[in-house]
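Undergrad: Compute the structure for the input listed below.
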Amino acid sequence: MPLTSVIKPYDARWAQMYASTAEWLGLMFGKSLIDIHHVGSTAVVGLAAKPEIDVLVIVTDTKDAKSWTNALASKGFRRGRDLSPGHLFFCTCS
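TA: Reported below is the predicted structural model:
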């Protein structure tokens, strides 16, 4: 299976890209938010990676999923395939 993106040398800007994303996600999820984590290869300092910022958001429940889907769509995200019950996958992938 071919890679969807080319692996690039580590870029120190990835941490700031995550921080900017986490900031607006925190506002969007509001009181439902438990925590936000930078995950995946771009979270590892010094590691070459696909330049895609992976974020894990932990929420109290998913009752507001429809409004989140609309808000994320306005930022260019679309629903992907969920991995398990209670897991909601969004991406900026094509």
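Undergrad: If the residue positioned nearest the centre of the chain is in a bridge, with which residues?
TA: Closest to where the C-alpha atoms of the chain average out (CA atoms, centre = their mean) is residue 55, at 3.2 Å. Per DSSP bridges, the residues bridged to residue 55 are residue 38.
Undergrad: Quick one: residues contacting it.
TA: Listed by CB atoms under 8 Å, 6 or more residues apart in numbering, the contact partners of residue 55 are 18, 21, 22, 25, 36, 37, 38, 39. All C-beta atoms are positioned from the backbone trio N, CA, C, and that covers glycine.
Undergrad: Also residue 66?
TA: By CB under 8 Å, 6+ apart, residue 66 has no neighbours at all.
Undergrad: Okay, the closest residue to residue 61 other than its chain neighbours and residue 80: tell me how far apart.
TA: By the measure of CB to CB, 6 or more residues apart in numbering, the closest residue to residue 61 outside its immediate chain neighbours is residue 32, 6.8 Å from it. Distance, residue 32 to residue 80, using CB to CB, to the nearest Å: 20 Å.
Undergrad: Out of these two, name the residue with the larger neighbour count.
TA: Taking other CB atoms under 10 Å, residue 32 and residue 80 do not tie; residue 32 has more neighbours (16 against 12).
Undergrad: Does that one touch residue 64 like I think?
TA: Yes - with contact defined as CB atoms under 8 Å, residue 32 and residue 64 form a contacting pair (6.0 Å).
Undergrad: and the residue nearest to residue 61, what is it in contact with?
TA: 59, 60, 61, 64.
Undergrad: Quick check: which of the residues you listed has the minimum pLDDT.
TA: Lowest in pLDDT among the contacts of residue 32 is residue 64, which has 86.
Undergrad: From residue 88, how far off is that residue?
TA: Distance, residue 64 to residue 88, using CB to CB: 11 Å.
Undergrad: quick one: the lengthiest helix in the chain to chain centroid distance?
TA: Identified as the longest helix of the chain according to DSSP state H is helix 13-29. Chain-centre distance of helix 13-29: 9 Å, with CA atoms, centre = their mean, to the nearest Å.
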